[in-house]
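> sequence unknown, structure follows:
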């Protein structure tokens, strides 16, 4: 289901010619990349290749650090991940991709923007976007999620009580943007 949301967001945000590969960093990004390519095909008639990295390069069989689409010069890549905190996993993926070819990151798509500062106290996403000359697109934000769920009964229980929401706001005041 999450892949369908990613596919819709990508299709609504980018033109098909702006990207050719959907990349998911290991491990959580692997099913996101594969599932999103399937959802792009099924729901939007868009055919894209998928790729993911391994945590450790394989020496035999399908050797190497990447699985799926071949990373070549001028490849236009969409990077998927579950959340954005400081951007470390995405940074690592871009370094790996750039080590094998001159690639363009057409966009980064995440499920949840935690809306946090980086280690320098800057807006983590804004700093990442500036450094990599790309945009980060999120399906949801931490604030939006907490606001929507605060006091709402789901399955007979309220999971985000006023107390939990107050704790979130305190956390956001210290670490959030």
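Received it, and whenever you're ready, just let me know what you need. Treat the numbers as computed from the prediction; the structure is a model and nothing was measured.
> Which parts of the chain are helices?
Assigned by DSSP state H, the helices in the chain fall at 2-13, 29-44, 88-100, 124-132, 142-149, 162-175.
> Partner strands of the lowest-mean-pLDDT helix or strand in the chain, with direction?
Least confident helix or strand of the chain, by mean pLDDT, DSSP states H and E, is strand 49-58 with a mean of 84. Paired strands of strand 49-58, with direction, are strand 21-24 (parallel), strand 64-68 (antiparallel) (DSSP bridges).
> What lies in contact with it?
Strand 49-58 has contacts (CB atoms under 8 Å, 6 or more residues apart in numbering) with 20-27, 29-30, 33-34, 36-37, 63-69, 71, 77, 93, 96. No exception for glycine: its C-beta is placed from N, CA and C like everyone else's.
> For residue 74, give me its contacts.
Residue 74 touches 101, 102, 103, 104, counting by CB under 8 Å, 6+ apart.
> So what pairs up with the last one in the strands?
Spelled out, it's residue 104. Bridge pairing for residue 104 - DSSP bridges - gives residue 76.
> Pipe the helices of the chain into JSON lines and attach mean pLDDT and mean neighbour count per row.
Shown next, in JSON lines, are the helices of the chain (pLDDT from 0 to 100; neighbours: other CB atoms under 10 Å):
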{"stretch": "helix 2-13", "mean pLDDT": "98", "mean neighbour count": "18"}
{"stretch": "helix 29-44", "mean pLDDT": "97", "mean neighbour count": "20"}
{"stretch": "helix 88-100", "mean pLDDT": "93", "mean neighbour count": "16"}
{"stretch": "helix 124-132", "mean pLDDT": "96", "mean neighbour count": "17"}
{"stretch": "helix 142-149", "mean pLDDT": "97", "mean neighbour count": "15"}
{"stretch": "helix 162-175", "mean pLDDT": "96", "mean neighbour count": "12"}
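> CSV for the ones you listed, including distance to residue 117?
Shown next, in CSV, are the helices of the chain (distance: least, CB to CB, whole Å):
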stretch, distance to residue 117
helix 2-13, 24
helix 29-44, 23
helix 88-100, 14
helix 124-132, 6
helix 142-149, 13
helix 162-175, 6
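> Of those helices, give the one that comes closest to residue 111.
For these, the distance to residue 111 is smallest for helix 2-13, at 6.4 Å, taking CB to CB.
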